[in-house]
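Asks: got a predicted structure here, sequence first:
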Amino acid sequence: MIKLQQIWDNILLETESKVSTLQYDLYINQLQPVGIHNDRLYLLAETRIVKGIVDKNYKDIIRKCTNLVFPTIIDVEIVTENDLDNIGDVEKEAELPVSSSYVSLVDDKAVFVAQYTFDNFVVGKSNEYAHAVAYAVSEAETTKYNPVFLWGGVGLGKTHLMHAIGNSLQRNFPEKKIKYVTCDQFVNEFIESLHDTTNPNAMKNFRNKYRKLDVLMMDDVQFLAKKEGTQEEMFHTFNELYLANKQIILSSDRPPKEIQIEERLKTRFATGVIADIQPPDLETRIAILQKKCNAKGYGLDIRVLSLIAEKITNNIREMEGMLNRIISYSTLVGGNPNEMNIVHDALRDYADSTSDIITIDHIVAATCDYFRVKREDLIGKKKNKEIVVPRQICIYLICDILGQSIPLVSIGEYFGGRDHTTVMHARDKISEECKNNDTTAAHVKDIRDKIYNR
């Protein structure tokens, strides 16, 4: 059985080469797979306008690419939220034969995002060590650095570096068996193999798949937290690969010591090289935007790029989203993307929802800057007053600004795996202090203003 997202990922790989980068980014890559029903693939468009554009200009291309990869899917339908109730029951995975002429994500060969290379990774002080380690691993025939552990906040380039390593390894050492997997995928495969009663060799096959590799690359290993069975499996997989001198490359949003996993697994993760990626400075953020514009053919002025770089300080992915928003808006209304009235109009809706621009990373960074404390201390285990008060204020601001868009459990997980009741306590404590303590209220106001760039 092939999962829906995997089906769509394969189709995207084929479609990307058939249209321009601008068309792909603005329209095709924005579609989300809904399901398969009656040999038809349903794709969700964000608005009626986007649906109309895709139907008119790109639907035939998507259909042809879909037929090329999965011949039994006979049609593609673009829908919006209002259409979902009329579709009927859809399949989220399917037993689909893959075209014999197509090599894709469905087979065992790792497929990496072609655009994620070392050539288009902008190096600055915030990431130069991580970049150097990643590049060295991608060029080395032996395991000089093992394991490699890359960590940093959301949208700072960890996945880019992982794919850059993968692309380089495949080019330099095509004979090597490489596997790239997210932690979630590893967990799900492990659970499926445990419960597969139809195949007595399911667990053996799963273990062989991961323990016979030359290179194992796993993204977001922080999601191993509280999954004892998977941690046990990862421990033995790690050991077998490590003792066989096979390369292991891991990424996470925090260093090994702050992940809520068994101590023996933490120790192994920290055995080799640990390289962190910090938020880039303003000049690096502008350079990143310039490189993305060059790659996509966007002709944006430096003042527009500076505006974006000043608004988004902690997340490269969000910067790119804002960049695409300006291009998309100017294309739809027929305006010049370098005219500031067009830029401000394009970003008005984007800024209406604070969760679109502001993330936990933004709030944590602003709090650390305000109180002059280190990020690792703020989200870590230290309990001295100089850290506890900023931490509680930070948690309160996250709850207040992001609201229900992020669960309390996720906030607790971000802050070193704390229980959700600890998050509730911090939130309620600071909420009450803001009413009765002018100093606390002033701190909250100042940091909030800092977050909103006032």
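Replies: Received it, and whenever you're ready, just let me know what you need.
Asks: ranges for the strands of the stretch 251-400 of the chain?
Replies: 273-277 (DSSP state E, counting those that start in this stretch).
Asks: kindly report the same for the stretch 1-150 of the chain.
Replies: Going by DSSP E, counting those that start in this stretch, the stretch 1-150 of the chain shows strands at 2-3, 32-37, 40-44, 75-79, 93-94, 148-152.
Asks: adding mean pLDDT, distance to residue 58 and mean neighbour count, write the ones you listed out as CSV.
Replies: C-beta here means a position set from N, CA and C on the backbone, and glycine is covered the same way. Below are those laid out as CSV (pLDDT from 0 to 100; distance: least, CB to CB, whole Å; neighbours: other CB atoms under 10 Å):
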stretch, mean pLDDT, distance to residue 58, mean neighbour count
strand 2-3, 74, 23, 16
strand 32-37, 89, 15, 18
strand 40-44, 91, 10, 20
strand 75-79, 92, 9, 17
strand 93-94, 68, 23, 16
strand 148-152, 93, 35, 24
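Asks: need these in TSV (columns: distance to residue 172).
Replies: Converted to TSV, the strands of the stretch 1-150 of the chain look like this (distance: least, CB to CB, whole Å):
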stretch	distance to residue 172
strand 2-3	30
strand 32-37	34
strand 40-44	36
strand 75-79	37
strand 93-94	35
strand 148-152	16
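Asks: model confidence over stretch 408-428, on average?
Replies: Taken as a whole, stretch 408-428 has a mean pLDDT of 86.
Asks: I misspoke; the intended subject was stretch 199-209.
Replies: Mean predicted lDDT for stretch 199-209 stands at 89.
Asks: same question for stretch 278-294.
Replies: Mean predicted confidence for stretch 278-294 is 87.
Asks: residues touching the nearest residue to residue 245 once chain neighbours are set aside, list them.
Replies: By the measure of CB to CB, 6 or more residues apart in numbering, the closest residue to residue 245 outside its immediate chain neighbours is residue 143, 5.3 Å from it. By CB atoms under 8 Å, 6 or more residues apart in numbering, the contact list for residue 143 reads 245-247.
Asks: now residue 143: how far from residue 170?
Replies: As judged by CB to CB, to the nearest Å, residue 143 and residue 170 stand 17 Å apart.
Asks: now the contacts of residue 143: which count as buried?
Replies: 246-247 (16 or more other CB atoms under 10 Å).
Asks: can you put the contacts of residue 143 in a markdown table and add distance to residue 415 and pLDDT?
Replies: What follows is these, written out as a markdown table (distance: CB to CB, whole Å; pLDDT from 0 to 100):
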| residue | distance to residue 415 | pLDDT |
| --- | --- | --- |
| 245 | 37 | 93 |
| 246 | 34 | 95 |
| 247 | 32 | 95 |
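Asks: among the contacts of residue 143, which ones are in helices?
Replies: Among those, no member falls in helices (criterion: DSSP state H).
Asks: go ahead and confirm residue 233 touches residue 189.
Replies: No - between residue 233 and residue 189 there is no contact under CB atoms under 8 Å: 9.9 Å.
Asks: who has more neighbours out of the two?
Replies: Neighbour totals were compared for residue 233 and residue 189, and residue 233 leads with 22 against 18 (other CB atoms under 10 Å).
Asks: in which helix or strand would I find that one?
Replies: helix 228-243 (DSSP states H and E).
Asks: now that helix, how far from the chain's geometric center?
Replies: Relative to its parent chain, helix 228-243 has a centroid offset of 24 Å by CA atoms, centre = their mean, to the nearest Å.
Asks: what pLDDT, on average, does that helix get?
Replies: Mean predicted lDDT for helix 228-243 stands at 94.
Asks: output the contacting helices and strands for it.
Replies: helix 183-195, helix 202-211, strand 247-252, helix 263-269 (3 or more CB pairs under 8 Å, 6 or more residues apart in numbering; DSSP states H and E).
Asks: pick the most buried one from the ones you listed.
Replies: strand 247-252 (a mean of 25; mean count of other CB atoms under 10 Å).
Asks: what's the angle from it to helix 183-195?
Replies: Using axes from the mean of the first three to the mean of the last three CA atoms, to 10 degrees, the direction of strand 247-252 lies 110 degrees away from that of helix 183-195.
Asks: who touches stretch 362-369?
Replies: 279, 313-315, 373-375, 378-379, 390, 393-394, 397-398, 401-402, 447, 450-451.
Asks: OK, contacts around residue 224?
Replies: Taking CB under 8 Å, 6+ apart as the test, what residue 224 contacts is 183, 187, 230-231, 234, 259, 261, 265.
Asks: point to the helix or strand of the protein where mean pLDDT is at its lowest.
Replies: helix 354-357 (a mean of 44; mean pLDDT, DSSP states H and E).
Asks: what about the contacts of stretch 362-369, which are in helices?
Replies: Counting by DSSP H, the part of the contacts of stretch 362-369 found in helices is 375, 378, 390, 393-394, 397-398, 401-402, 447, 450-451.
Asks: tally of neighbours for residue 333?
Replies: If we define neighbours as other CB under 10 Å, then residue 333 has 10 of them.
Asks: nearest to residue 113 among the strands of the stretch 1-150 of the chain would be which one?
Replies: strand 148-152 (16.0 Å; CB to CB).
Asks: what lines up beside the closest one in the sheet?
Replies: Strands that pair with strand 148-152, judged by DSSP bridges, come out as strand 247-252 (parallel), strand 273-277 (parallel).
Asks: can you redo these as a markdown table with distance to residue 126?
Replies: Listed next are the strands paired with strand 148-152 as a markdown table, based on distance: least, CB to CB, whole Å:
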| stretch | distance to residue 126 |
| --- | --- |
| strand 247-252 | 16 |
| strand 273-277 | 7 |
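Asks: of those, which is nearest residue 204?
Replies: Closest among the strands paired with strand 148-152, using CB to CB: strand 247-252, at 21.4 Å.
Asks: for the helices and strands packed on helix 228-243, give me TSV that also has distance to residue 225.
Replies: Listed next are the helices and strands packed on helix 228-243 as TSV, based on distance: least, CB to CB, whole Å:
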stretch	distance to residue 225
helix 183-195	10
helix 202-211	20
strand 247-252	10
helix 263-269	11
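Asks: quick one: closest of the ones you listed to residue 419.
Replies: When those are ranked by proximity to residue 419 (CB to CB), helix 263-269 comes first, at 19.5 Å.
Asks: contacts for the closest one, please.
Replies: By CB under 8 Å, 6+ apart, helix 263-269 touches 147, 149, 221, 224, 231, 234-235, 238-239, 242, 250, 256-257, 259.
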